[in-house]
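1. Here's a sequence, model it:
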Amino acid sequence: MGEASDSLSFDSDPGRWGHSLTNLAELVTSALDAARARSVGEVGAWAGDLTSVLLDWAQDGERRVVAVDPTPHERLLDLATRRPELELVREPSHQALAHVQLPEALIIDGDHNYFTVSADLRLVAERVDGSRELPLLMLHDVGWPHGRRDAYYDPDTIPEEHRHSVVGLPMLLPGEPEPVGAGLLLYRTARREGGPGNGVLTAVEDFLAERPDLRFAIVPVFFGLGVIWHPDRPGASALAELLAPWDRNPILERVEANRVHHLATSSAQRVERDRVQELHDEERRRSAEQRRAIEALLDSSGLRLMDRAFALRHPRRGWSWAGRLQTALDGEPGRRPAVPGARPALTWLDAGRCRVGDTVFKTSGLPIEGGGGTQLRVGKARPMIERYVELFADLRPRNFIELGIFTGGSTALLFELARPRRMVAIELDEVGPGTRSASLHEWISRKGYSDRIRVHGGVDQADRDRLGALIGEEFGDEPLDLVIDDCSHLYGPTRASFNELFPRLRPGGVYIIEDWHWAHTELGREPLEGFWPDETPLTRLVFELVLAEPAVPGLIAELTIETGSARIVRGDAAIDPGGFEISECSNPRGRRLLGADSSAT
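-> Prediction:
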């Protein structure tokens with residue numbers, strides 16, 4: 001058998017269906033040699049894959065190659081330009097075969113339907129003097145799916161009486177006579193397989209029925225190659241000997257049956273994947289439309305009026321419709337780019353250790369100096385951590401500030417539990433390598449969170465100008481969702497931070513002040529006056545918050561005082577960030593109740 005041509009190409013078959021006769025190139029050229037053909041014509045050359053092979057074959061002697069195609073691909077046009085020995089006829093087969101010089105071998109691989117193939121065979125037979133002079137004929141697609149089912153390049157070119165009912169994009173499975181829901185996706189075929197006047201093989205059999213002296217072999221691979229020749233033609237014996245092992249070979253038939261089955265089922269899977277992708281794209285489009293609608297609603301004055309009315313009717317509720325809509329936006333897939341999916345779960349390993357993801361946190365029941373590796377120390381007891389788990393589940397903060405980080409374990413834990421878009425941690429002491437928060441920075445680097453956790457050291461929480469500048473740098477005009485103050489625990493600095501940051505919370509945002517109760521020990525326990533006896537108790541700020549809630553409607557939507565923390569939910573009242581002072585948000589009677597000057601530190 002001949003060797004593979006250097007021009008063997010599968011460029012026009014990227015899906016590797018095996019639809020080109022190039023896959024049988026060695027057998028085709030060997031058949032041409034066995035038949036002593038000096039010229040060959042190809043009907044249906046399209047992109048010129050097989051044409052290149054035939055041109056290489058023709059170089060071995062004085063041989064002629066004719067390619068017939070009414071709508072040649074640009075690659076075939078380029079081939080004809082580069083290889084002037086190629087005779088390219090840009091006509092339909094029934095026109096070209098009526099006048100071109102008939103070659104000694106003809107490959108028919110054009111429009112795969114009964115009417116066209118029958119007409120081509122009849123035209124060739126009419127131009128020769130009896131069957132003995134018939135060219136060697138090779139016809140592709142005598143197997144499934146077009147052996148018994150017409151395909152139409154342009155149905156309008158087929159007379160209506162010779163055209164079967166057409167399906168535009170049918171999906172076919174071997175053994176199923178009609179299109180199915182998922183299978184090999186084809187183009188413009190007869191709706192039903194089988195029956196008279198239907199398919200390439202049927203056309204060949206009807207042609208042979210009128211010419212019983214002709215020989216016919218089928219090579220049952222790559223959709224089937226049929227070969228017709230007269231036993232008295234030159235090289236007939238060599239041709240018969242070449243084709244005998246291939247002719248209707250049962251092993252090859254099983255191989256082809258298996259191949260087209262998997263081809264059809266894999267095509268069905270691709271169609272299904274495409275359908276699922278379309279549904280996914282449509283869902284994303286609808287989600288984007290819903291997002292735009294919600295964002296427009298968040299900007300509307302009507303929603304603000306509704307939330308104000310809701311807050312007046314339900315003053316103790318700690319949420320707003322604006323907040324819930326914002327949470328719906330923040331919770332959409334893809335809004336937390338660094339870590340897809342849900343927030344990691346917290347697991348308690350024992351009374352003093354918990355795990356989130358691959359990090360173990362040691363709570364305040366253990367020494368909190370130092371830290372390292374995948375273990376960080378957190379200065380918070382288990383009840384406090386559990387309250388934060390509950391808070392984050394409902395609040396889902398995007399923009400989050402922590403005042404006071406100490407060794408930094410709390411920063412890591414709170415970030416893992418909340419997974420905000422950005423978290424800014426502020427500390428009075430210096431931070432970074434070589435400081436007591438070094439383990440936090442190592443952890444941030446290892447986890448790849450440096451663009452989402454921003455740590456600033458050397459910042460006094462009492463410095464409102466510095467705080468305001470930092471917030472502007474990190475968040476721009478975006479409102480805050482959560483502030484946790486676990487910093488100095490002193491009245492003056494804590495109040496200064498509150499005055500600067502509380503107005504920057506969105507309605508429904510939460511401000512938490514930890515360890516407000518340090519001046520109040522349990523009755524009967526030392527020290528009786530609490531800690532820091534010379535400092536103004538932080539309790540004063542809590543009292544100011546209590547007095548402000550009824551005095552300024554809409555300022556505070558909810559105030560919750562617990563041992564160890566005070567939680568303040570911002571209302572929807574407009575607040576001037578530059579001039580806000582919580583100690584002034586009470587009536588004269590409230591101020592008298594507090595007694596001492598509110599400027600005490």
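
2. Please, where are all the helices along the stretch 1-150 of the chain?
-> 25-34, 49-58, 74-82, 93-96, 114-126 (DSSP state H, counting those that start in this stretch).

3. Need the contact partners of the shortest one.
-> The contact list for helix 93-96 (CB atoms under 8 Å, 6 or more residues apart in numbering) reads 43-44, 68, 89, 108, 110-111, 116, 119-120, 123. The C-beta positions use only the backbone N, C-alpha and C, and glycine is treated the same way.

4. quick one: which of these is nearest Gly590?
-> Asp111 (93.8 Å; CB to CB).

5. so where is the protein shaky, pLDDT-wise?
-> Across the chain, the ranges flagged by pLDDT under 70 are 1-15, 61, 311-320, 323, 327-344, 364-374, 524-530, 596-601.

6. How is it divided into domains?
-> Taking automatic domain parsing as the criterion, the chain consists of the domains 21-151+193-271, 381-594.

7. Ok, which of these comes nearest Arg355?
-> Here domain 381-594 is closest among those (CB to CB), at 9.9 Å.

8. now that closest one, how far from the chain's geometric center?
-> Remark: domain 381-594 is offset 39 Å from the chain centroid, using CA atoms, centre = their mean, to the nearest Å.

9. repeat for stretch 299-312
-> On CA atoms, centre = their mean, the centre of stretch 299-312 falls 38 Å from the chain's centre.

10. Would you mark the buried spots in that stretch?
-> 303-304, 307-308, 310-311 (16 or more other CB atoms under 10 Å).

11. buried stuff in the strand or helix carrying Asp206?
-> Assigned by DSSP states H and E, Asp206 belongs to helix 200-209. Across helix 200-209, burial judged by 16+ other CB under 10 Å covers 200-204, 207-208.

12. Next: stretch 48-64.
-> 48-58, 63-64.

13. picking that back up, can you say which of the helices of the stretch 1-150 of the chain is packed in most?
-> Of those, the one with the most neighbours on average (mean count of other CB atoms under 10 Å) is helix 49-58, at a mean of 24.

14. what is the orientation angle of that one with helix 74-82?
-> 20 degrees (axes from the mean of the first three to the mean of the last three CA atoms, to 10 degrees).

15. picking that back up, can you tell me which of the buried residues of helix 200-209 is nearest Ala293?
-> Relative to Ala293, the closest of the buried residues of helix 200-209 is Val200; by CB to CB it sits at 55.9 Å.

16. Quick check: end-to-end length of stretch 428-437?
-> One end of stretch 428-437 to the other measures 12 Å (CA to CA, to the nearest Å).

17. Can you give me the buried ones in that stretch?
-> Going by neighbour count (16+ other CB under 10 Å), the buried part of stretch 428-437 is 428, 431, 435-437.

18. quick one on the thing from earlier: for Ala573, state which of the contacts of helix 93-96 is nearest.
-> The nearest member of the contacts of helix 93-96 to Ala573, counting by CB to CB, is Asp111 at 77.6 Å.

19. So what are the sheet partners of the next helix or strand after the helix holding Asp206 and their directions?
-> Sequence order places strand 215-219 as the next helix or strand after helix 200-209, per DSSP H and E. In its sheet, strand 215-219 lies beside strand 225-229 (antiparallel), with partners assigned from DSSP bridges.

20. Quick check: what element follows the strand it pairs with along the chain?
-> Using DSSP H and E, the next helix or strand after strand 225-229 towards the C-terminus is helix 236-243.
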